[in-house]
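>>> The following comprises the amino acid sequence and a computationally predicted model.
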Amino acid sequence: MKAVVKYGRQPGQVAVQDVAEPTAGPDQVLVEMGAVGVCGSDIHLWHENQSWEIKTPVILGHEWCGTIVDVGANVAGFTAGERVAVETAAYVCGRCTYCLSGNYHMCPHRKGYGNLIDGAMTRYVAARPQILHRIPAGVSFTHAALTEPACVATQALTVNARVKPGDTVVIQGAGTIGIMALQVARISGAGTLIVLGTDLDDRRLEVAQELGADYVINVQRDDAGKLVRSLGDGFGADMVVDCTGVSVALKQALDLVRPLGTVVKIGWGPQPLNFNLDPLVGKAATLQGSFSHTYATWERVLQLMATGQLNLDPMIGGVYPLDEWEPAFHAMHVGENVKSVLVYEQ
């Protein structure tokens, strides 16, 4: 079968290759990929500028869904033919305090699809049943492939931090996570929503406005701080959500957040800060990191999709066959698409 493989540690060392078909072990199911989203992290891996551990060669892809085609002998509760969305935690130890307390996404032995375990940019993937979620009727594979980034935003804004009705929320970054954070904040009752981007994000900022942003700002052209301090009582945003990972965004977030407000950091980035954190102290603000998601969040997000509360069509810039992975990656890299989705054949 074909797969999009990162085969080396130099920039650009990604290609479609022939790989062996996996089989389901006794404690696994085999899923035929229905659709897989291209993540910004896949683009980082393409350019070899990621800041997390990986192995090579590795099949890319961790935002995925599909149809069960085989069930291991020890697996109960799932049958062939069911449509499922699949979490990213391909392996966890099941024994540490985080696994046993339901916080398995923080397991120190966790291995994710597309990084340390072969991912879903291929035809068949083996998965453990604990990370499967039935896709509600009426939710397409193309939409279900966006479950994972929606869960990242939902975990960040409703579990690790809490958006409150009436909050002024600033979202830094207009990529997939930023646009998902915008929608989650809107659903949660935020009063004013502001999305920040750069020259690269002109198209994505249009999508943000379509999906409910009250203000969109290109920070290379306009002063975000001036706008934020012109709103409400002038003290700043209740919450700032960093979906970029670049150090300068965190510095900006500390300027934009109000005293006793919250900065939620989702984005990864390898750069050193090169600035002090005194504004965090002076404002007695909370800096909240957020990583991954849990089973309950996935169930909640799939219901948001089923009820139409997440509007996904404007986010999907194109659906591409696996052989056209490079145009799909490029369209996101240059800001043409908020999200590209791959299918095995088209």
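Done, it's in.

>>> which residues touch the spatially most central residue of the chain?
For the chain, the residue sitting closest to the mean C-alpha position, by Cα atoms, centre = their mean, is residue 149 at 2.8 Å. Taking Cβ atoms under 8 Å, 6 or more residues apart in numbering, we find residue 149 in contact with 37, 39, 63, 176-177, 180, 339. Where you see a C-beta, it was placed from the backbone N, CA and C, and this is true even at glycine.

>>> Please apply the same query to residue 14.
Here residue 14 is in contact with 4-7, 45-46, 60, 325-326 (Cβ under 8 Å, 6+ apart).

>>> Check the spacing between it and residue 337 real quick.
18 Å (Cβ to Cβ, to the nearest Å).

>>> still on that earlier bit, which of the contacts of residue 14 fall in strands?
Using DSSP state E, the subset of the contacts of residue 14 located in strands is 4-6.

>>> possible to save those as CSV with distance to residue 117?
Converted to CSV, the ones in strands among the contacts of residue 14 look like this (distance: Cβ to Cβ, whole Å):
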residue, distance to residue 117
4, 15
5, 13
6, 13
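
>>> which of those residues has the most neighbours?
Using other Cβ atoms under 10 Å as the neighbour criterion, residue 4 leads those with 28 neighbours.

>>> any idea how far the closest residue to it other than its chain neighbours lies from residue 140?
Nearest residue to residue 4, sequence neighbours excluded (Cβ to Cβ, 6 or more residues apart in numbering): residue 121, at 3.8 Å. Counting by Cβ to Cβ, the gap from residue 121 to residue 140 is 19 Å.

>>> now residue 299
Taking Cβ to Cβ, one finds residue 299 at 18 Å from residue 140.

>>> next one: residue 105
From residue 105 to residue 140 the distance is 26 Å (Cβ to Cβ).

>>> Could you check which of those two has the larger neighbour count?
residue 105 (21 against 15).

>>> mind listing what the closest residue to the more buried one other than its chain neighbours touches?
Ranked by Cβ to Cβ, 6+ apart and with sequence neighbours excluded, the top spatial neighbour of residue 105 is residue 292, at 3.8 Å. By Cβ under 8 Å, 6+ apart, the residues touching residue 292 are 88-89, 105-106, 152, 155.

>>> repeat that for 10 Å
Contacts for residue 292 (Cβ atoms under 10 Å, 6 or more residues apart in numbering) come out as 87-89, 103-106, 110, 112, 148, 151-152, 155-156.

>>> again, but for residue 80
29-30, 32, 67-71.

>>> Wasn't residue 281 part of a strand?
No - using DSSP: H, G, I helix; E, B strand; the rest coil, the assignment for residue 281 is helix, not a strand.

>>> And for the closest residue in space to residue 221 that isn't next to it in sequence, the neighbour number?
Nearest residue to residue 221, sequence neighbours excluded (Cβ to Cβ, 6+ apart): residue 199, at 7.9 Å. The local packing of residue 199 (other Cβ under 10 Å) involves 10 other residues.

>>> what does residue 20 give?
Residues near residue 20, counting by other Cβ under 10 Å: 8.

>>> For residue 332, which non-adjacent residue is closest in space?
residue 340 (5.3 Å).
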